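[1] how does the following fold in three dimensions:
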Amino acid sequence: MPISLVHPPGRVWHMIIRSPFIPWVAVLVTLAASAGRADPALAASAGRADPALPEESTSTATGMSFVLVPAGEFEMGSPPGERGRQPDETPRRITITRPFYLGVHEVTQDEYAEVMERNPSSFAATGEGRERVAGRETGRHPAERISCFDAIEFCNRLGARDGYAPAYRLDDVGRREDGSIERADVVVLGGDGYRLPTEAEWEYACRAGTTTPFHYGDLTGRKDANCQPSMEAGMYGEQKPWQDLARTAAVGSYPANAWGLHDMHGNVAEWCWEWSGERPAAALPGPRGGDHELARGGSWLTNELRCRAASRFFRVPGERSYETGFRVARTPSP
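    Modelled structure (predicted):
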């Protein structure tokens with residue numbers, strides 16, 4: 001049945017889950033203790049990708065690049081002693097049973113405009129944040145000010161152009177004057193087309209075999225990710241250990257993780273296909289209920305503690321923000 005919320009007052013959005021499960025990925029969960037810096041089980045399983053599947057894929061419509069994320073298992077969440085840890089990051093052992101493709105980068109402004117025929121981004125030549133990117137070519141900056149419904153529509157349109165069956169259907173669509181979707185009924189079709197990654201898939205891909213707060217280690221610096229530093233005590237009171245950009249950066253500006261994925265920490269928070277709320281104890285196949293959708297990865301606007309692999313953000317699916325974008329996934333047909 002539809003789930004309806006008024007948030008803020010007068011704005012109603014709906015989401016309908018018609019399929020009894022999300023067929024893209026089966027996920028098994030058990031409570032687990034914290035692990036060390038490298039996950040032996042994942043290290044042993046990573047690379048068991050289907051040899052019949054190419055390790056890389058490219059969208060014929062946009063040239064968007066994808067890498068194949070292998071099936072495997074990992075510990076989702078954070079250990080009790082991790083700095084910045086939140087109560088909703090309880091560790092659980094997760095098994096990803098099928099490989100899937102994930103975008104090497106966050107969807108860029110050029111890619112979004114090519115498919116959607118508009119660019120709503122703030123950090124663009126005509127956006128509200130244009131002064132912060134004056135003189136810069138922003139086509140390779142991540143698209144932002146994208147609602148979750150906009151991201152879903154992008155996935156369907158891109159899939160149609162590349163010849164894939166749609167993963168979703170959008171019914172009863174309510175649009176803003178600029179074309180952005182503010183509310184919709186979302187029906188999961190489960191085709192082999194493009195989609196948003198689940199929360200478990202996102203964290204699994206971000207970690208790429210590691211168990212540290214960031215895929216590159218325990219600490220973040222200016223050269224690791226586009227985020228704000230936490231304030232540190234100094235001679236003249238609290239101060240920033242480095243100067244942040246105060247805007248998005250071109251995708252790929254920071255080193256990739258071990259699986260070739262860039263900007264998994266910072267730049268823009270990324271929509272995931274998952275309801276917020278308590279994680280179920282028995283399974284995590286996809287959204288089951290809750291008040292908000294989830295975004296992962298943190299952004300240029302958040303400090304590094306909110307950009308950890310386990311950190312979670314709650315968003316109303318119809319809302320738009322200059323710190324939120326998305327990354328595209330696809331499960332190949334068996």
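
[2] next, residue 86: secondary structure please.
    Secondary structure for residue 86, judged by DSSP: H, G, I helix; E, B strand; the rest coil, is coil.

[3] quickly note the distance from it to residue 187.
    Look at residue 86 and residue 187: by C-beta to C-beta, to the nearest Å, they are 32 Å apart. (C-beta placed from N, C-alpha, C; glycine too.)

[4] again with residue 68
    27 Å.

[5] do the same with residue 153
    13 Å.

[6] touching both of these two, which residues are there?
    residue 170 (C-beta atoms under 8 Å, 6 or more residues apart in numbering).

[7] of these two, who's got more company?
    Per other C-beta atoms under 10 Å, whichever of residue 153 and residue 187 has more neighbours is residue 153, with 23 against 16.

[8] how about the secondary structure of the more buried one?
    Assignment for residue 153 (three-state DSSP): helix.

[9] now do it, the pLDDT please.
    With respect to pLDDT, residue 153 scores 98.

[10] and residue 77, how many neighbours?
    For residue 77, using other C-beta under 10 Å, the count is 23.

[11] sorry, wrong one. I was asking about residue 86.
    15.

[12] contacting residues for it?
    311, 312.

[13] ends of stretch 74-84, what's the gap?
    Distance across stretch 74-84, first residue to last, is 20 Å (C-alpha to C-alpha, to the nearest Å).

[14] let me know the average pLDDT across that stretch.
    The pLDDT scores in stretch 74-84 average 94.

[15] equivalent analysis for stretch 160-172, please.
    Mean predicted confidence for stretch 160-172 is 96.

[16] quick one, helices of this protein?
    40-45, 109-116, 148-162, 199-207 (DSSP state H).

[17] okay, buried residues for the longest one please.
    By 16 or more other C-beta atoms under 10 Å, the buried positions in helix 148-162 come out as 148-159, 162.

[18] for the residue found closest to residue 298 once you drop the neighbours it is linked to in the chain, list the residues it contacts.
    Of all residues not flanking residue 298 in the chain, residue 307 sits nearest, at 3.0 Å (C-beta to C-beta, 6 or more residues apart in numbering). With contact taken as C-beta under 8 Å, 6+ apart, residue 307 is in contact with 214, 220, 225, 227, 265, 266, 297, 298, 299.
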